[in-house]
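In: Sequence and predicted structure, then a few things I'm wondering about:
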Amino acid sequence: MSDTQGRTPLEAALSRRDFLRTTGAAAAATAALAETPAAFAEAAPANLSVKGMGPQPIKLTLDVNDASVTTAVEPRVTLLDALRNYLDVTGCKRVCDRGTCGACTVMVDGKPIYSCTMLAVEAEGKKIKTAESLIDGGKLDAVPAAFVKYDAQQCGFCTPGFVVAMRAAFDKNPRATPAEIEEALSGNICRCGTYQQMRDAIAELCNKQKKGG
């Protein structure tokens, strides 16, 4: 009887030797894949040690506006959420929540950052300054005071981010020009459109800084 009797054309075209050769290669590939994790494990440094965190809340101590505060948050919690929802520091505002508008701007070690883009655990051991830090004993810092004088706010959601970013800019360069301050504020958006009033406030602040006021 012929070997091809009762077989499909595809089966007839595939000889017994071809079949064995194909299945053998497949078995070898499967065995190699199964051994890969072990091979990687052997190649990894034996002294590699990474401390895991979460998913449960972890104790966290933050330096916020020169005060040491302790809370417990899940590692996934952003600095914005930790400040607002766990520590009741609500100056930074949640608006876009995706690092584009600047309403949540705070200073971390003197640098302005979007607090919605930083995890709270990343801020531990750093100095955090929010809009609340720009008042001392009932006296406003020169930056928010200029905003009030020139009515450079309407709804107020963007204002804390603007004054924090502007304070950071003047701290970095006390002799900055209005153009340099505006450049430093390019990451902040005012949806009410009070940019001209802000320019008036910036002009006065730059003049005062120039005169050493």
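Out: All right, it came through fine. Numbers count the residues shown, from 1 in each chain.
In: which stretches of this structure form strands?
Out: Using DSSP state E, the strands of the chain run over residues 58-64, 67-73, 105-108, 111-114, 127-129, 135-136, 139-140.
In: need the least confident one among those strands, by mean pLDDT.
Out: Lowest mean pLDDT within the strands of the chain: strand 135-136, a mean of 92.
In: the helices in the chain, which residues?
Out: 9-13, 16-43, 79-81, 142-149, 159-172, 178-184, 195-210 (DSSP state H).
In: tell me the domain ranges of the protein?
Out: Following automatic domain parsing, the chain resolves into domains at 10-40, 58-210.
In: Need the winner for burial among those domains.
Out: Each of those was scored by mean neighbour count; the highest is domain 58-210, a mean of 18, by mean count of other CB atoms under 10 Å. No exception for glycine: its C-beta is placed from N, CA and C like everyone else's.
In: one step back: comparing the domains of the chain, which gets the lowest mean pLDDT score?
Out: Between the domains of the chain, the lowest average pLDDT goes to domain 10-40, which shows a mean of 55.
In: returning to what we had before: how about TSV for the domains of the chain, with distance to residue 52 added?
Out: Formatted as TSV, the domains of the chain follow (distance: least, CB to CB, whole Å):
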stretch	distance to residue 52
domain 10-40	19
domain 58-210	9
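In: ok, back up a step: with distance to residue 203 as added columns, please give the strands of the chain in a markdown table.
Out: Formatted as a markdown table, the strands of the chain follow (distance: least, CB to CB, whole Å):
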| stretch | distance to residue 203 |
| --- | --- |
| strand 58-64 | 32 |
| strand 67-73 | 34 |
| strand 105-108 | 22 |
| strand 111-114 | 21 |
| strand 127-129 | 25 |
| strand 135-136 | 23 |
| strand 139-140 | 18 |
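In: do you know which of the ones you listed lies nearest residue 194?
Out: strand 105-108 (16.6 Å; CB to CB).
In: Partner strands of the closest one and their direction?
Out: Sheet pairing for strand 105-108, assigned by DSSP bridges, gives strand 111-114 (antiparallel), strand 127-129 (antiparallel).
In: And the contacts of that strand?
Out: For strand 105-108, contacts defined as CB atoms under 8 Å, 6 or more residues apart in numbering pick out 79, 83, 92, 112-115, 118, 123, 126-130, 160-162, 164-165, 167-168, 187-188.
In: Only the C-alpha atoms, please, for that strand, written as PDB.
Out: Extracted C-alpha coordinates of strand 105-108, given in PDB (Å, rounded to 0.1, in the frame of the first residue of the first chain):
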ATOM      1  CA  THR A 105       3.800  74.200  41.100                       C
ATOM      2  CA  VAL A 106       5.900  73.900  44.300                       C
ATOM      3  CA  MET A 107       9.500  74.400  45.000                       C
ATOM      4  CA  VAL A 108      11.600  71.300  45.800                       C
END
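In: switch to numbering from 20
Out: All right, first residue 20 from here; so that's strand 124-127.
In: Work out the gap between it and the centre of the chain.
Out: Centroid separation for strand 124-127 versus its chain: 11 Å, with CA atoms, centre = their mean, to the nearest Å.
In: next one: stretch 216-225
Out: 29 Å.
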